[in-house]
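Engineer: Sequence and predicted structure below; questions after.
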There are 2 protein chains.
Amino acid sequence: MESFAVGVDLGGTMIKAALVERGTGIVEEAVHMTEAEKGPESVLDSLADIIRALHSAAPDGQVGGIGLGIPGAVNWERTSVLYPPNLPGWGIVDVRAELCSRLGAEYEVFVENDANLAALGSAHYSTGKPYDSFIMITLGTGVGGAIIYNNKIFRGSTGGAGEIGHFSIDFEGPIDRYGIAGAVEAYLGQRFLSRFARFKLISQKESLVHKMSAGNDLVDLTPLILFEAASAGDELSTEILAWAGHKLGCALASAINLLDIRKVIVGGGLSSAGDFILGPARRAARQHVMPDARDDIEIVQETLGNQVGMLGAARLVFEYLDEQPPSTGSGTISM
Amino acid sequence: MESFAVGVDLGGTMIKAALVERGTGIVEEAVHMTEAEKGPESVLDSLADIIRALHSAAPDGQVGGIGLGIPGAVNWERTSVLYPPNLPGWGIVDVRAELCSRLGAEYEVFVENDANLAALGSAHYSTGKPYDSFIMITLGTGVGGAIIYNNKIFRGSTGGAGEIGHFSIDFEGPIDRYGIAGAVEAYLGQRFLSRFARFKLISQKESLVHKMSAGNDLVDLTPLILFEAASAGDELSTEILAWAGHKLGCALASAINLLDIRKVIVGGGLSSAGDFILGPARRAARQHVMPDARDDIEIVQETLGNQVGMLGAARLVFEYLDEQPPSTGSGTISM
């Protein structure tokens, strides 16, 4: 059974990839600029380059396959990406075929939504290890989500399950980028939260945020600045993060009631705000869950940051290998 | 492989039970008053009586086991009920042991939440047959729900998944019986909807509802009267059912976004209002789901009524039998 796989996180700005050893985790990392504006062919070439480099770093020159995470939808078979929003010019691209043709071999290639892979990586290598089942929510530019049920990704009917970012907590609330009213992303997505904070703070000149941000009427305000200001004792920033945490807790409570999955891991950049957001989230969730779940819910921060995505990508490969009949060596790619 | 099982629906008023043939459905039905006020011992005696009667009706005198649905929670092993709300005096009761001791045999007995069994029955014998996965919502005194994923009940971590009745669509909305703000049940539960309708209609003397209900300021108003008035062309009743349907659609959309399960079956008494509720529910759901799900969602009415609960209860037994190693006759109960 191969013990190495390559896990790739294909972002709009950077390609991050790692050689992952099954029982150990990341043993080698590599990055490459995505240069998404050059189009799919160029990005696929870069992907092939980075994979080749990591493959050659495998101690026995063998990897079991390649897992690749993207923000967006994939097909059920996990071979193709479908109109990834941060990769202009990509329609439906059969990544497996494209990479195999570039690498000159029949690689096992699996593509999957990046939030699903972050959750899978957390489940097997990080904060999620103690839990058989949990909900993951990633607070970044957008708000992604995933459901891990019995240590596997719960995929739904078409592979798109877990979209807690587009889960509504108020049917007459603010509108997200899909036109969904009251969606979590319309409160906690970076752009939405920044705008809300700007409007709250613009006339509150005593807030530390004004000193800490670049000026020009807070147009460059980010959640990170809010967190830094809150950490420095700024009351208004603390209130805004608590407001966001309350919304998060309300959404998580409904998800917990529906799924009866009571553990939640929060990842993504904004999760670094830690208890400024998670404290209020825990209080709100406790108020909105079924009584017998109240003392059983846990909402915790992912500690491994972005590495969980690459680990989850590699884990997909290991899961595939585990499901194969005893190997006769086929499926292994030697260099 | 045994082809018969007894499916029981233990309600607060009536015990309904059926002898179910695996490939056929219900072949014999029986009812018994629950007389819940007499306490658990008496109810368990009645259950044993009704099971005995149906067992003797099995053509070869053999049944594979007994499935039993209750409104409320059950333990993970499906042997015990936990504080069923409509059965006063019941705490945690090991129904399997109690029935086996009364029936004088080692029956296979499985208890499960009634909404879960309605969904399972629908999946294998009724409206749910065309779908591998669907969400079921039952609009009755309370609002129950269940998730069928790949033809099985999705149980969550403790067996309580599917509680869409306690799923919130407005974190500042009306409060349900568990104190959850904006829960579906706080709009569509019979008591809540009746009260809302009464307040809406009390001063609208031209509504047909006043003629059709018993008088006394609409204190006896029920959703059934609303449906009858709407069917007779009453505009205000139609509006109220549409209001309820809109709330239902908003909740279903969030559940669809989270689960990526796009088919919904609506059961329970209020589902007989059909398109008065389901039409507005479909429109609202369409507006609130992710774009690629819009043309794929279906929200349909359960056509088999309460029988799906008994069918689902029997189906639990058949699933158990399917999971056993090839039988040597043990597990079968002969009479």
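Structural biologist: Okay, I see it.
Engineer: Just the CA trace of the helix or strand that residue A:191 is a member of, in PDB.
Structural biologist: Under DSSP states H and E, the secondary-structure element containing residue A:191 is helix A:190-201. Output in PDB follows, covering the C-alpha atoms of helix A:190-201 (Å, rounded to 0.1, in the frame of the first residue of the first chain):
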ATOM      1  CA  GLN A 190     -14.800  39.200   4.200                       C
ATOM      2  CA  ARG A 191     -16.300  41.700   1.900                       C
ATOM      3  CA  PHE A 192     -19.600  41.800   3.700                       C
ATOM      4  CA  LEU A 193     -18.200  42.000   7.200                       C
ATOM      5  CA  SER A 194     -15.700  44.700   6.200                       C
ATOM      6  CA  ARG A 195     -18.500  46.800   4.700                       C
ATOM      7  CA  PHE A 196     -20.700  46.300   7.800                       C
ATOM      8  CA  ALA A 197     -17.800  47.300  10.000                       C
ATOM      9  CA  ARG A 198     -17.000  50.300   7.900                       C
ATOM     10  CA  PHE A 199     -20.500  51.700   8.200                       C
ATOM     11  CA  LYS A 200     -20.500  51.000  12.000                       C
ATOM     12  CA  LEU A 201     -17.100  52.700  12.500                       C
END
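Engineer: Run the chain-centre distance for the next helix or strand after that helix.
Structural biologist: Secondary structure here is assigned by DSSP H and E; on that basis, the next helix or strand after helix A:190-201 toward the C-terminus is helix A:208-212. Computed by Cα atoms, centre = their mean, to the nearest Å, the separation of helix A:208-212 from the middle of its chain amounts to 30 Å.
Engineer: what do you get for stretch A:13-33?
Structural biologist: Here the centre of mass of C-alpha atoms in stretch A:13-33, compared against the chain's by Cα atoms, centre = their mean, lies 16 Å away.
Engineer: Let's test this: mean pLDDT of it, rounded?
Structural biologist: Per-residue confidence for stretch A:13-33 averages out to 94 on the pLDDT scale.
Engineer: what about that stretch, start to end distance?
Structural biologist: From the first residue to the last, stretch A:13-33 extends over 6 Å; the measure is Cα to Cα, to the nearest Å.
Engineer: buried set for it?
Structural biologist: Neighbour counts over stretch A:13-33 (16 or more other Cβ atoms under 10 Å in any protein chain shown) mark A:15-22, A:25-26, A:28, A:30, A:32 as buried. All C-beta spots, glycine's among them, are computed from the backbone N, C-alpha and C.
Engineer: near chain B too, which of these?
Structural biologist: Taking Cβ under 8 Å from any Cβ of the partner chain, there is no overlap between the buried residues of stretch A:13-33 and the neighbourhood of chain B.
Engineer: Max pairwise distance over those residues: which two?
Structural biologist: Checked with Cβ to Cβ, the buried residues of stretch A:13-33 reach their widest spread between A:22 and A:32, with 24.2 Å between them.
Engineer: Please compute how far the helix holding residue A:191 lies from its chain's middle.
Structural biologist: Taking Cα atoms, centre = their mean, the mean C-alpha location of helix A:190-201 is offset from the chain mean by 22 Å.
Engineer: Ok, stretch A:62-69 next?
Structural biologist: With Cα atoms, centre = their mean as the basis, stretch A:62-69 stands 18 Å off its chain's centre.
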